[in-house]
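Novice: here are the coordinates; sequence isn't available:
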């Protein structure tokens, strides 16, 4: 059975692959810097101490310096830039221009090489293969580079002296197959990277999401709360959280079974979404408890949201197992104080919740209709 995962968006893919692409680009630049020396040796063996050799020394030296210069921003880009949408185009632009320059230098060496020397075509075929595999560029840009480089090599082959026409056709075929193979491998690698990322994101979503209600689970709520608490303390902004406990859910579970209580939990989570703000963090904190993190909400705003959540939950009964079940909830509110931690805020919210439950039990009498959970 084939597992189907949600499609990865371009922004998610770029953000996830940013650090990998930077490491790969660094490896390519380092490899080129080391490969400059054997290439210079080949140039010397073909050209000797001639003017053409010194031209190649200057060109390859300039590219070596450029590569060394690019290593610095590639290495530190992740530390200096926080916006993934900006970093990748910058890295891609530098690498694209660098690749164009490297190919032009290589073609220059091929042009000034003796007409009988054909060894550079093996290097050209290797370049056509490895450019697509090694460089973290988009397939569209890679295709443009390879097509241009391939036709430049074909044009250059017309000026060379081949032992036979068959040998010339073999060289051209090798160049074509190398370029095509590189494109196919690059496309397949892109597909597999997206599949792996999709599976990782789906696994992460399942780890951070309550499987029944589809909202955040307790672990994700604590992670988000810790991050938001540090941010709000640093910025000096108010922060509140709610602890909400459903009344009589255990009675519903014992009377009508787990399926009825599950339907109540799902419906309550939907109503809580409507009662809270879009940027609030709603989570299932316990078996019948919900928690809501309220960024930039003082005590007054938190009390209003808590009252709205209670009213939304009580507004209509929940249809389950052929019955309409009345659902109510108790809410505890805690607002961030100076020096607060997650534990202290949760403790105050739970204390406020227990007080609200105690007040509700004392308010209701045995004959009160509010104690009836079945309509």
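Specialist: Perfect, I can see it now. None of these values were measured; they are calculated from a predicted model.
Novice: how deep is residue 298 tucked in, by neighbour count?
Specialist: Neighbour count for residue 298, taken as other C-beta atoms under 10 Å: 14. Where you see a C-beta, it was placed from the backbone N, CA and C, and this is true even at glycine.
Novice: Need the pLDDT of it.
Specialist: Confidence per residue is given as pLDDT, and for residue 298 that number is 92.
Novice: and if you look at residue 90?
Specialist: The per-residue pLDDT reported for residue 90 equals 62.
Novice: Next, give phi and psi for residue 160.
Specialist: Taking degrees, to the nearest 10, you get phi -100, psi 160 for the backbone angles of residue 160.
Novice: Next: residue 290.
Specialist: Recorded main-chain torsions at residue 290 are phi -120, psi 150, according to degrees, to the nearest 10.
Novice: ok, now which ones touch it?
Specialist: Taking C-beta atoms under 8 Å, 6 or more residues apart in numbering, we find residue 290 in contact with 242, 243, 244, 245, 246, 268, 269, 272, 282, 283, 284.
Novice: Now intersect the residues you listed with the strands, please.
Specialist: Those of the contacts of residue 290 mapping onto strands are 242, 243, 244, 245, 246, 282, 283, 284, per DSSP state E.
Novice: Give me the spatial nearest neighbour of the third one, chain neighbours excluded.
Specialist: In this structure, residue 244 finds its nearest non-sequential neighbour in residue 290, 4.4 Å apart by C-beta to C-beta, 6 or more residues apart in numbering.
Novice: I'd like the average pLDDT over the helix or strand encompassing residue 188.
Specialist: Assigning secondary structure by DSSP states H and E places residue 188 in helix 165-208. Predicted confidence along helix 165-208 averages 86 (mean pLDDT).
Novice: Off-centre distance for it?
Specialist: What separates the centre of helix 165-208 from the centre of its chain is 20 Å, taken as C-alpha atoms, centre = their mean, to the nearest Å.
Novice: For that helix, enumerate the helices and strands it packs against.
Specialist: Using 3 or more C-beta pairs under 8 Å, 6 or more residues apart in numbering; DSSP states H and E as the contact definition, the elements that helix 165-208 packs against are helix 10-47, helix 120-134, helix 139-157, helix 218-235.
Novice: so the second one versus helix 165-208, what angle?
Specialist: This points to helix 120-134. Counting by axes from the mean of the first three to the mean of the last three C-alpha atoms, to 10 degrees, helix 120-134 points 10 degrees away from the direction of helix 165-208.
Novice: Mind pulling up the pLDDT for residue 73?
Specialist: Reading off the confidence values, residue 73 has pLDDT 62.
Novice: cool, and residue 231?
Specialist: The model reports residue 231 with a pLDDT of 90.
Novice: check contacts around residue 156.
Specialist: Residues in contact with residue 156, defined by C-beta under 8 Å, 6+ apart, are 107, 110, 111.
Novice: any idea how far the first one is from residue 126?
Specialist: Applying C-beta to C-beta, to the nearest Å, the value for residue 107 to residue 126 is 14 Å.
Novice: So which of those two has more stuff around it?
Specialist: Applying other C-beta under 10 Å to residue 107 and residue 126 shows that residue 107 carries more neighbours, namely 17 against 13.
Novice: Could you pull out the buried residues of stretch 288-308?
Specialist: Along stretch 288-308, these residues count as buried under the neighbour rule (16 or more other C-beta atoms under 10 Å): 288-295, 297, 302-303, 305-306.
Novice: Out of the helices and strands packed on helix 165-208, which is the most enclosed?
Specialist: Ranked by mean neighbour count, the helices and strands packed on helix 165-208 are led by helix 120-134 with a mean of 20 (mean count of other C-beta atoms under 10 Å).
Novice: what sits up against that helix?
Specialist: Counting by C-beta under 8 Å, 6+ apart, residues outside helix 120-134 touching it are 24, 27-28, 99, 103, 106, 109-110, 113, 139, 142, 145-146, 149-150, 153, 157, 171, 174-175, 178-179, 181-183, 185-186, 189.
Novice: quick check: mean pLDDT across that helix?
Specialist: Mean pLDDT, helix 120-134: 88.
Novice: now the angle between helix 139-157 and that helix, please.
Specialist: 180 degrees.
Novice: tell me the angle helix 120-134 makes with helix 10-47.
Specialist: Between helix 120-134 and helix 10-47, the angle formed by their directions is 160 degrees, by the same axes, to 10 degrees.
Novice: ok now helix 120-134, how far from the chain's centre?
Specialist: The chain centroid and the centroid of helix 120-134 are separated by 31 Å under C-alpha atoms, centre = their mean.
Novice: do the same with stretch 228-237
Specialist: 25 Å.
Novice: Next: stretch 336-345.
Specialist: Taking C-alpha atoms, centre = their mean, the mean C-alpha location of stretch 336-345 is offset from the chain mean by 31 Å.
Novice: That one: which residues count as buried?
Specialist: 336, 340, 342, 345.
Novice: Inside strands: which ones of those residues?
Specialist: Using DSSP E, no member of the buried residues of stretch 336-345 falls within strands.
Novice: what comes up buried for stretch 245-254?
Specialist: Buried residues in stretch 245-254, counting neighbours by 16+ other C-beta under 10 Å, are found at 245, 246, 247, 248, 249, 252, 253.
Novice: Need the residues you listed in JSON lines (columns: distance to residue 120 and pLDDT).
Specialist: Below are those laid out as JSON lines (distance: C-beta to C-beta, whole Å; pLDDT from 0 to 100):
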{"residue": "245", "distance to residue 120": "76", "pLDDT": "91"}
{"residue": "246", "distance to residue 120": "76", "pLDDT": "89"}
{"residue": "247", "distance to residue 120": "81", "pLDDT": "85"}
{"residue": "248", "distance to residue 120": "82", "pLDDT": "82"}
{"residue": "249", "distance to residue 120": "77", "pLDDT": "85"}
{"residue": "252", "distance to residue 120": "80", "pLDDT": "84"}
{"residue": "253", "distance to residue 120": "77", "pLDDT": "83"}
